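> below is the structure, and that's it, no one-letter string:
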């Protein structure tokens, strides 16, 4: 049958609103994806056995009131509290457990590029904490870290930071020699740490006679062979080392038995990605003392027994 010419064909019926497609393409759903389920919180377990490492593994505390909490005294858990957390408090807690003072140096230098607290003000604050809180084991000096981020902020060199770190110890000792100031070694390479040891020696400070010496700028590479080599070398010189911000990996990698002491706030970040502890009503346990104790006990229980035996005598 012959088709009619184009001009003779009947016009196509227009699409009604019901028949017309609403979109030309199917677009992905605009519904936001559900966040990944958080892992459960660690089960609160007790220490399987008490070892020397319990006395010198300082638990980072976000709240100075923890110093007076009886559970930390009963479990002999030493705490680490930052100067920034204490500085603006009118009244201070009375400690029931040993603790150490952190100067808050990394935060200050990475944000400001310089120390905004004078040695006079810091020494006076440390004296107040020592007298009013009590049981202070050590107080970190106003050292100068040498991480790339900090160097970029200060505009100085590793050598400059080392000189300023040694000068801080000398200044604070001059201002109040009775406080338990902790000298700190700064550097990035092994040679730089050894050079820092020499700077102290040239200033008349024998680090082997100090109760404990902080080792700075290694917390972000504590799991590396280079960090272990640095710690091994300094420990072999008879220097009792304190590891700032050491995590589980850093304590398991072979350096644990070479450190005299360490501190860690890693539990708080760990809690951000886990469910709250059973019985806790807050949405996150990142500031929870129950979670902190459970994390610390679980971490110490996971260490080989031979790495929990430290020499605590000089």
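Good, I have the coordinates. What you see is a predicted model; the values in this text were computed from it and never measured. Numbers count the residues shown, from 1 in each chain.

> list the buried residues in stretch 114-122.
Neighbour counts over stretch 114-122 (16 or more other CB atoms under 10 Å) mark 115, 117, 119, 122 as buried. From N, CA and C alone the C-beta is placed, and that goes for glycine too.

> please apply the same query to stretch 126-138.
126, 129-130, 133, 136-138.

> show the end-to-end separation of that stretch, please.
In stretch 126-138, first residue to last residue: 10 Å (CA to CA, to the nearest Å).

> how about stretch 198-211?
One end of stretch 198-211 sits 18 Å from the other (CA to CA).

> what mean pLDDT does it get?
Averaging pLDDT along stretch 198-211 yields 98.

> in a strand, residue 59, correct?
Yes: assigned with DSSP: H, G, I helix; E, B strand; the rest coil, residue 59 falls within a strand.

> need phi/psi at residue 136.
phi -80, psi 120 (degrees, to the nearest 10).

> return the residues in contact with the residue lying closest to it once chain neighbours are set aside.
Excluding its sequence neighbours, the residue lying closest to residue 136 (CB to CB, 6 or more residues apart in numbering) is residue 130, at 4.9 Å. Residues near residue 130 by CB atoms under 8 Å, 6 or more residues apart in numbering: 136, 139, 179-180.

> export those residues to JSON lines and tack on secondary structure, distance to residue 167 and pLDDT?
Supplementary listing: the contacts of residue 130 in JSON lines, determined by DSSP: H, G, I helix; E, B strand; the rest coil; distance: CB to CB, whole Å; pLDDT from 0 to 100:
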{"residue": "136", "secondary structure": "strand", "distance to residue 167": "23", "pLDDT": "98"}
{"residue": "139", "secondary structure": "strand", "distance to residue 167": "17", "pLDDT": "97"}
{"residue": "179", "secondary structure": "coil", "distance to residue 167": "17", "pLDDT": "98"}
{"residue": "180", "secondary structure": "coil", "distance to residue 167": "19", "pLDDT": "98"}
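
> isn't residue 117 right up against residue 126?
No: judged on CB atoms under 8 Å, residue 117 makes no contact with residue 126 at a distance of 10.6 Å.

> before we move on, back to that, the buried residues of stretch 126-138 in strands, which ones?
Of the positions in those, 136-138 sit in strands, assigned by DSSP state E.

> low-scoring stretches of this protein, by residue?
1-37, 41-45, 47-53, 220, 222-223, 247-256, 304-314 (pLDDT under 70).

> how about 50 then?
Under the criterion pLDDT under 50, the flagged ranges of the chain are 310-314.

> all helices of it, in order?
52-56, 70-74, 83-86, 105-112, 119-132, 148-154, 158-175, 190-202, 225-236, 248-250, 266-272, 289-302 (DSSP state H).

> out of those helices, which is closest to residue 283?
Closest to residue 283 of these is helix 266-272 (CB to CB; 10.3 Å).

> list the buried ones in the closest one?
Those would be 266-268, 270-271, for helix 266-272 by 16+ other CB under 10 Å.

> any chance of the residues you listed in a markdown table, plus distance to residue 197?
Below are those laid out as a markdown table (distance: CB to CB, whole Å):
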| residue | distance to residue 197 |
| --- | --- |
| 266 | 28 |
| 267 | 32 |
| 268 | 33 |
| 270 | 34 |
| 271 | 37 |
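
> closest to residue 82 out of those?
residue 268 (12.4 Å).

> show me what contacts that closest one?
Here residue 268 is in contact with 60, 62, 286-287, 292 (criterion: CB under 8 Å, 6+ apart).

> please list only the buried members of these.
Listed as buried from the contacts of residue 268 are 60, 286, 292; burial here means 16+ other CB under 10 Å.

> would TSV of those residues with distance to residue 82 be doable?
Output for those, formatted as TSV (distance: CB to CB, whole Å):
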residue	distance to residue 82
60	8
286	16
292	15
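
> out of those residues, which comes closest to residue 228?
residue 60 (22.5 Å).

> give me the neighbour count for the nearest residue to that closest one once chain neighbours are set aside.
Nearest residue to residue 60, sequence neighbours excluded (CB to CB, 6+ apart): residue 265, at 3.1 Å. Number of residues near residue 265 (other CB atoms under 10 Å) recorded here: 18.

> from residue 150, how far off is residue 265?
Residue 265 sits 18 Å away from residue 150, taking CB to CB, to the nearest Å as the criterion.

> now residue 116
Residue 116 is 14 Å from residue 150, by CB to CB.

> before we move on, what about residue 171?
20 Å.

> one step back: turn the buried residues of stretch 114-122 into TSV, columns for distance to residue 208.
Output for the buried residues of stretch 114-122, formatted as TSV (distance: CB to CB, whole Å):
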residue	distance to residue 208
115	28
117	30
119	25
122	26
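
> wait, which of those is closest to residue 276?
residue 117 (35.5 Å).

> who's in contact with that closest one?
83, 108, 125, 142.
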